[in-house]
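Undergrad: everything below, folded, please.
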Amino acid sequence: MAIETNRWGIIYNPKAGTRKTQKRWNKIREYMESRGVMFDYLQSEGYGSVERLARMLANNGYRTIVVVGGDGAVNDAVNGIMTSDVLHKEEIALGIIPNGMGNDFAKYWGLDEDDYKGAVDCIIDRRVRKIDVGRVGYTDGDVCGMRYFINAVHIGLGARFVWITNGTRRFWGMPWLSYLSSLILLLFERKLHRVHLKVNGEHIRGKVMTVCIGSARGYGLTPSAVPYNGWLDVSVVYRPELLQLLKGLWLLIQGRLLNLKVVKPYRTRKVKILRAQNAAVSLDGRMLEKELPLKVRVLHEALTLIIPK
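TA: As a prediction, this is how the structure comes out:
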């Protein structure tokens, strides 16, 4: 059966750690119905289901796919679209209604979790922009695979923060308390990882606290990254003293982390991660459990995003 070109395929990813999931969706649905939006609705059922549902919607002819969720759900949807059978994937427009603990990519575009009506209006207005998609290639045994991202790859402390936050949000239930407890747990850790990166033909070796490879701002670690210029920004953060760490947290909040002396920035189109000793790796809030080496590159304007005016 043919799908109307203006019908949305909506994937609702309930916010972790809260009991008000259905109440939130009911408000969003009622507002869309009041605006005359035609849509079909699917609810995710655990890890991996958003990717499967997005791929299914793309393969079944939907050309407006809307994710109601946070960074991790948006990442899953991007991977579903990018691995679909659709030949011209840029013909699919991705819309975001923020609904999660981490909404860094949505906030970059001015979308606010507390303003779901504004996010719906934005999708109705349908102002689109082609954006870059990052791709991480890996080898899993004899099989070569890849995973896509639109915000950032974190190696080391940044990925540890994602891992701890994913655990504490299920325990605390409140986003701000989860973030605060995660920061306290990591504040005095400052664990170093011996890494070996290849950036612009240069080999970067040494002990670092964290590395961020960002197509967008990467939660402030790559504040100058732009998700449509065909480049990746890389921030290599070496071990700071305690006072430098506190200053770094302030600069991170202010979007001026690159002013910290222990941060070395690079701009490139591809990165090869040859070694990251005992370091966790995450993509847009999703942990990546793959063996090194990893090859990271950017696909210029590979995806269409619906953005605010």
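Undergrad: for the stretch 201-309 of the chain, which segments count as strands?
TA: Applying DSSP state E, counting those that start in this stretch to the stretch 201-309 of the chain gives strands spanning 202-208, 210-214, 232-237, 263-268, 270-276, 281-283, 286-287, 294-307.
Undergrad: let me have those strands in a markdown table, extended by distance to Arg147, mean neighbour count and mean pLDDT.
TA: For glycine as for every other residue, the C-beta is placed from the backbone atoms N, C-alpha and C. What follows is the strands of the stretch 201-309 of the chain, written out as a markdown table (distance: least, CB to CB, whole Å; neighbours: other CB atoms under 10 Å; pLDDT from 0 to 100):
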| stretch | distance to Arg147 | mean neighbour count | mean pLDDT |
| --- | --- | --- | --- |
| strand 202-208 | 22 | 14 | 95 |
| strand 210-214 | 13 | 28 | 96 |
| strand 232-237 | 15 | 24 | 97 |
| strand 263-268 | 19 | 17 | 97 |
| strand 270-276 | 13 | 18 | 97 |
| strand 281-283 | 6 | 24 | 94 |
| strand 286-287 | 8 | 18 | 90 |
| strand 294-307 | 9 | 19 | 97 |
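Undergrad: among the ones you listed, which is nearest Glu33?
TA: Closest approach to Glu33 among the strands of the stretch 201-309 of the chain (CB to CB): strand 294-307, 19.3 Å.
Undergrad: low-confidence stretches in the chain?
TA: Residue ranges of the chain with pLDDT under 70: 1-2, 15-21, 101, 161-190, 242.
Undergrad: so what's the closest residue to Arg194 other than its chain neighbours up against?
TA: Excluding the flanking residues, the one nearest Arg194 by CB to CB, 6 or more residues apart in numbering is Gln277, at 4.3 Å. Listed by CB atoms under 8 Å, 6 or more residues apart in numbering, the contact set of Gln277 reads 193-195.
Undergrad: cool, and Tyr238?
TA: 206-209, 262-264.
Undergrad: tell me the one among those nearest to Gly46.
TA: Looking across the contacts of Tyr238 and measuring by CB to CB, the closest to Gly46 is Met209, at 32.4 Å.
Undergrad: and for that closest one, the neighbour number?
TA: 23 (other CB atoms under 10 Å).
Undergrad: returning to what we had before: can I get the strands of the stretch 201-309 of the chain in CSV with distance to Arg7?
TA: Compiled in CSV, the strands of the stretch 201-309 of the chain are given as follows (distance: least, CB to CB, whole Å):
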stretch, distance to Arg7
strand 202-208, 48
strand 210-214, 34
strand 232-237, 35
strand 263-268, 40
strand 270-276, 38
strand 281-283, 30
strand 286-287, 28
strand 294-307, 15
